[in-house]
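A.B. asks: Pasting the sequence and the predicted coordinates here, then a few questions.
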Amino acid sequence: MNEQEEQRNDGSDLLSELLPRLTNLGAVLHRGHLIDRALEAAGVPLERPAMSVLITVQLADRPLRVGEVAARMEVVGPHVTRLVNDLEKRGLVNRVADEHDQRSRLIELTPEGAAATDRYLRFLLDWFAGVLSDWPEQDRQDLGRLLGRFADDVAVHLAAFAD
């Protein structure tokens, strides 16, 4: 087997096609201001990191400690604390006592915070549904499955850097 055949068998040809497409996708989404448009649809003037806190708590489906929010967002705790303080001032989150540890506080969404998060997510979900509307159902399912697998594997391999 020559070097060219070996290169094709190791998947590098596919990867040399995939990497520019991933880069282009990120650039196109950024240039299209999709996240900014979704933030506008949320109806509250928030920056992306603050919305990420709201989404993290909403998707957890239960109140979370600041440290849990930070871990899920993969950022440091003090950063989340500052964001939560601002969100609390805006009436989008509340701090509540942890029933298992009265010294700890949990972060929960207020009805206004939940509604803003719902509007944000609904905008994104509707937009992506429009993008995929002409795709056959099997293609949409394959995309979801493969993208999930890819994201999981990327996370595992990136975690190896930390080790």
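C.D. replies: Nice, I can see it.
A.B. asks: Distance from the chain centre to the biggest helix by length in the chain, please.
C.D. replies: For the chain, the helix that runs over the most residues, judged by DSSP state H, is helix 137-162. Relative to its chain's centre, helix 137-162 lies at 13 Å (Cα atoms, centre = their mean, to the nearest Å).
A.B. asks: Stretch 109-127 too?
C.D. replies: Per Cα atoms, centre = their mean, the centroid offset for stretch 109-127 relative to its chain is 14 Å.
A.B. asks: where in this structure is pLDDT low?
C.D. replies: 1-10 (pLDDT under 70).
A.B. asks: Any idea how far the helix or strand hosting Asp126 is from the middle of the chain?
C.D. replies: Using DSSP states H and E, Asp126 falls within helix 111-131. Centre-to-centre, helix 111-131 and its host chain are 13 Å apart (Cα atoms, centre = their mean).
A.B. asks: Could you report the separation of the residue nearest the centre of the chain from Ala70?
C.D. replies: Closest to where the C-alpha atoms of the chain average out (Cα atoms, centre = their mean) is Ser52, at 7.0 Å. Going from Ser52 to Ala70 by Cβ to Cβ, to the nearest Å gives 11 Å. Quick note: C-beta positions are derived from backbone N, CA and C, even for glycine.
A.B. asks: any idea which strand is longest in the chain?
C.D. replies: strand 101-109 (DSSP state E).
A.B. asks: export that strand as PDB, just CAs?
C.D. replies: Coordinates of each C-alpha in strand 101-109 appear next as PDB, following Å, rounded to 0.1, in the frame of the first residue of the first chain:
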ATOM      1  CA  ASP A 101     -27.800  22.300  53.300                       C
ATOM      2  CA  GLN A 102     -29.300  25.400  54.700                       C
ATOM      3  CA  ARG A 103     -25.900  27.200  54.300                       C
ATOM      4  CA  SER A 104     -26.000  26.800  50.600                       C
ATOM      5  CA  ARG A 105     -28.000  28.700  48.000                       C
ATOM      6  CA  LEU A 106     -29.400  27.400  44.800                       C
ATOM      7  CA  ILE A 107     -30.100  29.300  41.700                       C
ATOM      8  CA  GLU A 108     -33.600  29.000  40.200                       C
ATOM      9  CA  LEU A 109     -35.300  30.900  37.300                       C
END
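A.B. asks: That one: which residues count as buried?
C.D. replies: Arg105, Leu106, Ile107, Glu108, Leu109 (16 or more other Cβ atoms under 10 Å).
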